[in-house]
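Asks: Here's a sequence, model it:
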Amino acid sequence: MRTRLGRALPPLAAVLAAALLPACGWTGDDEAGEGEAIVMGMSDEIVSLDPASGYDPGSWLVFNNVFQSLLSFPPGGTEPRPEAAEECGFTDRVSQRFTCTLRDGLTFSNGNQLTSEDVRFSFERTLRIDDPDGPAVMLSTIDRIETPDEHTVTFHLNQPDATFPQKIASGAGSIVDHREYPADRLRTDGQAVGSGVYILDRYSEDEAVFSVNPDYTGPAEVKNSGMTMRLFHGDQDRLRQAVESGEVDVAYRGLTAHDIAELETSTLTEDTGIQVVDGTSAEVQHMVFNMDDPVAGDLAVRQAIAYLLDRSALVRDVYQRTAEPLYSIVPAGITGHNTAFFDTYGDRPQPDRAAEVLEEAGYTDPVELTLWATPIRFGPDTVAAFEHIADQLNASGLFDATVRTADAEEFAEGVENGDYGVYVRGWVPDYPDPDNFTAPFFGPDNVLANNYDAGPITSELLPRTAQAANRADTVEDFGAIQDLVAEDLPVIPLWQGKQYAVAADEIAGLQWSLDASTVFRFWEISKSSD
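Replies: Residues are numbered from 1 along each chain as shown. You can find the predicted model right below:
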């Protein structure tokens, strides 16, 4: 979703000189796909089939495979390339005017032609509907859209937004047919019509069936003849049984850390017929502090927690090493990542330092603290993780920490109402840029709702990074943001996840669907007939 530009180029030359790869690749065929069809299982729900609403991993998995965006992420890459577009780029020097030219011959799966009118309709529709569970918030910098001809789309932004290419390369940029989708309300008939690599043939509560789109025009090369996605509705044990028995070829999202570790060990000691495939991930989890809370709002309390936290033990004992310790709000592998928390608080508990800061603040008794978690929303091991952290704090003799839980809806209300002093927050990025790990967390109406006065982060640093089309130019400012967060401690980063899929030995290509872009590419997965 990021397109780099030369600073001194004239407008259209800038489009061509940006990191916009030439449009090439598979452009449809009489034979739709090759190889065998694949059955995949996951425990996530699909909240919506309408791109104006779904903002969850299950829904975006559908969007990324059924719909096209103007740009997309190549396997293993974090720079967007043309997808439905032939070329795209900023046509000004302040990242406020972005122009795309569409490929020739684009059609929806129903045979209708895809033109610039559909692109404009799709973005304006998402913004008009503004569904609270949808991605409209990602498109808030759009001021107006011009379509001077069938192949050209120009976005005029209301402020500099160098991450706009990344945003529209995500599920938020899905293009729908203006003849099929209502302009002012969500589609609710269980159908989806796009121009992507796959066609959604059938959808029910427990299953979604996809066939390869023979008229797809874009860079993807399809390595199977279809995908069936079976939904296990949070039943992790049933999902594990399904992949072990061969009922599904691939299990993705929903297996516990214990299951993954156990299955991985078993593949090393016996012929199980299955494999565990891992990949990079930018998913993170934080401990969040309500800055207005009488206990958690005290900097000394937060510093003491930071000095006592043992991330290595947490990922070893709870996550079975299926995650990595995280020492900054921007994860490893993302532009500008640093290790601000490691540098400030170390990587091992320092009870003497923790006792010192509490004593200086006047604490003489163990600090009573409640840690709030929700069991499923941020991963199946979240409650166990917070109980482990509470044990770490209590072992120091400086805290009397307990863990309380609430279901996802009650938890969200409690956070919004300011009822919790310390609570969990997980984050699966929309696009692999440091902006997506900082901008949503600070300033008005942020997702943390923790009353943190972000000061220069929102008044100076983030606005400056938004103007830099070359994201390498943002490293210094994002480093300053990470250092300020380590100093002020509105959050403490805990871990960065890895992505895992468990699959039959006959399955190949999963590594190209497990990367920092979080795009699970059906088309990269193949199944041998041996």
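Asks: Which element is encountered next along the chain beyond the worst-scoring helix or strand of the chain on mean pLDDT?
Replies: Taking all helices and strands of the chain together, the one with the lowest average confidence (mean pLDDT, DSSP states H and E) is helix 11-17, at a mean of 31. Following helix 11-17 in sequence order, the next helix or strand is strand 38-42 (DSSP states H and E).
Asks: That next one: partners in the sheet, and parallel or antiparallel?
Replies: Taking DSSP bridges as the criterion, strand 38-42 pairs within the sheet with strand 226-231 (parallel), strand 250-252 (parallel).
Asks: Could you single out the most deeply buried of these?
Replies: Comparing the strands paired with strand 38-42 by mean neighbour count (mean count of other Cβ atoms under 10 Å), strand 250-252 comes out on top with a mean of 27. (Each C-beta comes from the backbone N, C-alpha and C, glycine too.)
Asks: And for it, what's in contact with it?
Replies: Contacts of strand 250-252 from elsewhere in the structure, counted by Cβ atoms under 8 Å, 6 or more residues apart in numbering, are 38-42, 239-240, 242-243, 501-504, 507, 510, 520, 525.
Asks: what pLDDT, on average, does that strand get?
Replies: Here strand 250-252 scores 95 as its mean pLDDT.
Asks: And the next helix or strand after that strand, what's buried?
Replies: Toward the C-terminal end, the helix or strand that comes next after strand 250-252 (DSSP H and E) is helix 257-269. Counting neighbours by 16 or more other Cβ atoms under 10 Å, one finds that the buried residues in helix 257-269 are 257-261, 263-264.
Asks: Looking at those residues, which one is closest to L514?
Replies: Sorting the buried residues of helix 257-269 by how near they are to L514, with Cβ to Cβ, puts I260 at the top with 12.7 Å.
Asks: Distance check, the closest one against S328.
Replies: In this structure, I260 and S328 are separated by 25 Å, where distance is defined by Cβ to Cβ, to the nearest Å.
Asks: Tabulate the buried residues of helix 257-269 (JSON lines), appending pLDDT.
Replies: As requested, the buried residues of helix 257-269 are arranged in JSON lines below (pLDDT from 0 to 100):
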{"residue": "A257", "pLDDT": "87"}
{"residue": "H258", "pLDDT": "88"}
{"residue": "D259", "pLDDT": "91"}
{"residue": "I260", "pLDDT": "92"}
{"residue": "A261", "pLDDT": "90"}
{"residue": "L263", "pLDDT": "93"}
{"residue": "E264", "pLDDT": "91"}
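Asks: Dump the strands paired with strand 38-42 to TSV, plus distance to F67.
Replies: As requested, these are arranged in TSV below (distance: least, Cβ to Cβ, whole Å):
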stretch	distance to F67
strand 226-231	15
strand 250-252	19
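Asks: between those strands, which one is nearest to R321?
Replies: Checking those against R321 by Cβ to Cβ gives strand 250-252 as the closest, at 19.0 Å.
Asks: roughly how far is that closest one from the heart of the chain?
Replies: Its chain's C-alpha centre and that of strand 250-252 lie 18 Å apart, by Cα atoms, centre = their mean, to the nearest Å.
Asks: go on, stretch 515-530?
Replies: On the basis of Cα atoms, centre = their mean, stretch 515-530 is displaced by 18 Å from the centre of the chain it belongs to.
Asks: pull the CA atoms of it into PDB?
Replies: Extracted as PDB, the C-alpha positions of stretch 515-530 are listed here (Å, rounded to 0.1, in the frame of the first residue of the first chain):
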ATOM      1  CA  ASP A 515       3.600 -12.600   5.600                       C
ATOM      2  CA  ALA A 516       3.400  -9.200   7.200                       C
ATOM      3  CA  SER A 517       0.700  -8.000   4.700                       C
ATOM      4  CA  THR A 518      -1.800 -10.400   6.400                       C
ATOM      5  CA  VAL A 519      -3.200 -11.200   3.000                       C
ATOM      6  CA  PHE A 520      -4.100 -15.000   2.900                       C
ATOM      7  CA  ARG A 521      -3.700 -15.700  -0.800                       C
ATOM      8  CA  PHE A 522      -5.900 -18.700  -1.800                       C
ATOM      9  CA  TRP A 523      -4.200 -18.800  -5.300                       C
ATOM     10  CA  GLU A 524      -0.700 -19.500  -4.000                       C
ATOM     11  CA  ILE A 525      -1.800 -22.800  -2.400                       C
ATOM     12  CA  SER A 526      -1.500 -26.100  -4.300                       C
ATOM     13  CA  LYS A 527      -2.200 -29.700  -3.600                       C
ATOM     14  CA  SER A 528      -0.400 -32.600  -5.200                       C
ATOM     15  CA  SER A 529      -2.300 -35.700  -6.200                       C
ATOM     16  CA  ASP A 530       0.400 -38.100  -4.900                       C
END
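Asks: where does the protein dip in pLDDT?
Replies: Along the chain, the model assigns pLDDT under 70 to residues 1-33, 530.
Asks: And the spatially most distant residue from the centre of it, how close does it get to N213?
Replies: Summary for the chain: using Cα atoms, centre = their mean, the residue whose C-alpha lies farthest from the chain's mean C-alpha position is T364, with a distance of 42.5 Å. For T364, the distance to N213 under the criterion Cβ to Cβ works out to 68 Å.
Asks: do the same with R93
Replies: Spatial separation of R93 from N213 under the definition Cβ to Cβ is 38 Å.
Asks: what about the two, which has more around it?
Replies: Ranked by neighbour count (other Cβ atoms under 10 Å), R93 and N213 place N213 first, with 26 against 16.
Asks: For the more buried one, list the residues it contacts.
Replies: N213 makes contact with 32, 109, 195-199, according to Cβ under 8 Å, 6+ apart.
Asks: Look at the closest residue in space to it that isn't next to it in sequence and tell me its secondary structure.
Replies: In this structure, N213 finds its nearest non-sequential neighbour in I199, 5.0 Å apart by Cβ to Cβ, 6 or more residues apart in numbering. With DSSP: H, G, I helix; E, B strand; the rest coil as the basis, I199 sits in strand.
Asks: Okay, and the beta partners of I199?
Replies: In this entry, I199 is beta-bridged to S211, by DSSP bridges.
Asks: Near it, how many other residues are there?
Replies: Using other Cβ under 10 Å as the criterion, I199 is surrounded by 24 other residues.
Asks: residue contacts, it?
Replies: Taking Cβ under 8 Å, 6+ apart as the criterion, I199 is in contact with 66, 109, 210-213.
Asks: rerun at 10 Å
Replies: Remark: with contacts taken as Cβ atoms under 10 Å, 6 or more residues apart in numbering, I199 is in contact with 32, 65-66, 108-110, 192-193, 209-216, 226.
Asks: How about G254?
Replies: Taking Cβ under 10 Å, 6+ apart as the contact definition, G254 lies against 41-44, 231-236, 238-240, 376, 379-380.
Asks: Swap in 6 Å and give it another go.
Replies: 42-43, 236, 239 (Cβ atoms under 6 Å, 6 or more residues apart in numbering).
Asks: Between all of those, which two are separated the most?
Replies: Farthest pair in these (Cβ to Cβ) is M42 and Q236. Separation: 10.5 Å.
Asks: the more surrounded of these two?
Replies: Legend: neighbour count by other Cβ under 10 Å for M42 and Q236, higher for M42 (24 against 17).
Asks: show me the contacts for the residue nearest to the spatial centre of the chain.
Replies: For the chain, the residue lying nearest the average C-alpha position, counting by Cα atoms, centre = their mean, turns out to be P429 (2.6 Å). Neighbouring residues of P429 by Cβ under 6 Å, 6+ apart: 282, 436.
Asks: Looks to me like A296 is in a helix.
Replies: No - according to three-state DSSP, A296 belongs to no helix; its state is coil.
Asks: can you give me the strands in the stretch 51-200 of the chain?
Replies: Counting by DSSP state E, counting those that start in this stretch, the stretch 51-200 of the chain forms strands over residues 71-72, 81-82, 85-90, 97-102, 142-149, 152-157, 198-203, given from the N-terminal end onward.
Asks: now the longest one, how far from the chain's geometric center?
Replies: This means strand 142-149. On Cα atoms, centre = their mean, the centre of strand 142-149 falls 28 Å from that of its chain.
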